[in-house]
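1. Could you look at this predicted model? Sequence included:
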Amino acid sequence: MALSISDICILFARKGGRAYDGEPVTQIEHALQTAMRAEDEGAAPSLVAAALLHDLGHLLNDQGETPTMRGVDDLHQFVALPFLRPLFADDVLAPIKLHVDAKRYLCATRDGYYEALSADSKRSLVLQGGPFTAEQADAYIAQPFAQDAVRVRLWDDLAKIEGAATPPLAHFVAALEAAQLSTERALLAGPARALP
C-alpha cells in the first residue's frame, strides 16, 4: 500500500511518540532533528525528505522497544521503500535504503567514528554486518546517492539530543511536496529507473 504525504503525517502522529531505541528522543524528535540538520546545511528538498523519512521503516515494521537487545535487525532501511516508491524517486529513496550501510562505511573509513556511536548503534552495527572491509567501502561509496546517504547518516548521528528545539512536522511538508513534484516531473520526462 502506497503512503500519501498525509498518511506519513498521520503515521508520525500515531507512532512518532515511541522511544527511539536506546536514545533520549522519540521517533518523531529524531526525524525532525535529522531533517532540521539537513535543512540547516542547505540540502535539496529531496535530501531533507530523505532525512525526515530515513527511519520510517521503524514505524511501519513495529518490533517493539529496542529490538537490537533481542538480536533483531528490523531492516527498517528497506521496509519503507515499497510504501514510498509511488511518491518519490531515487534521490529520496536511495539515501534511505543506503543510510544503514553508510554507518558501516563510516566505521571503515573515518577514525573515531565507531567509538562515538551509541551503545544501541554499536549493537545494531553487529546485526547489520559490522564495519565494511576496504573493498566493500570502495564499492559502497561508488553507488549512486551513497554520498547523500553518508550525509543522512551523519545528521542521523547528531539527531539524538533530548529536548532539542525543531520546527514541527508541518514545516517539512513543503520539502516532501517539493520532492514529490520533482518525482512527478521526472516521470513526465521519461521512464523512471526503479530502485531495487
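-> Thanks, I have the structure now.
2. Every contact and neighbour count from this point should use C-alpha atoms.
-> OK.
3. got the contact list for W155?
-> Under the criterion of CA atoms under 8 Å, 6 or more residues apart in numbering, the contact partners of W155 comprise T34, R37, A38, A51.
4. Okay, and which of the residues you listed map to helices?
-> Among the contacts of W155, DSSP state H puts T34, R37, A38, A51 in helices.
5. residues touching the second one, list them.
-> Contacts for R37 (CA under 8 Å, 6+ apart) come out as W155, A159.
6. Apart from its chain neighbours, what residue comes closest to the residue positioned nearest the centre of the chain?
-> Averaging the C-alpha coordinates of the chain gives a centre point, and the residue nearest to it by CA atoms, centre = their mean is H54 (1.7 Å). Sequence neighbours aside, I96 is the residue nearest to H54 in space, at 4.7 Å (criterion: CA to CA, 6 or more residues apart in numbering).
7. ok, now which ones touch the one you found?
-> Contacts were defined as CA under 8 Å, 6+ apart; by that measure I96 touches A50, A51, L53, H54, D55, Q77, F78, A149.
8. ok, now how distant is it from G163?
-> I96 is 25 Å from G163, where distance means CA to CA, to the nearest Å.
9. can you check P144 too?
-> Look at P144 and G163: by CA to CA, they are 35 Å apart.
10. Please say which of these two ends up with more neighbours.
-> Under the neighbour definition other CA atoms under 10 Å, P144 and G163 were set side by side, and P144 has more, 14 against 9.
11. which phi and psi does that one have?
-> phi -60, psi 140 (degrees, to the nearest 10).
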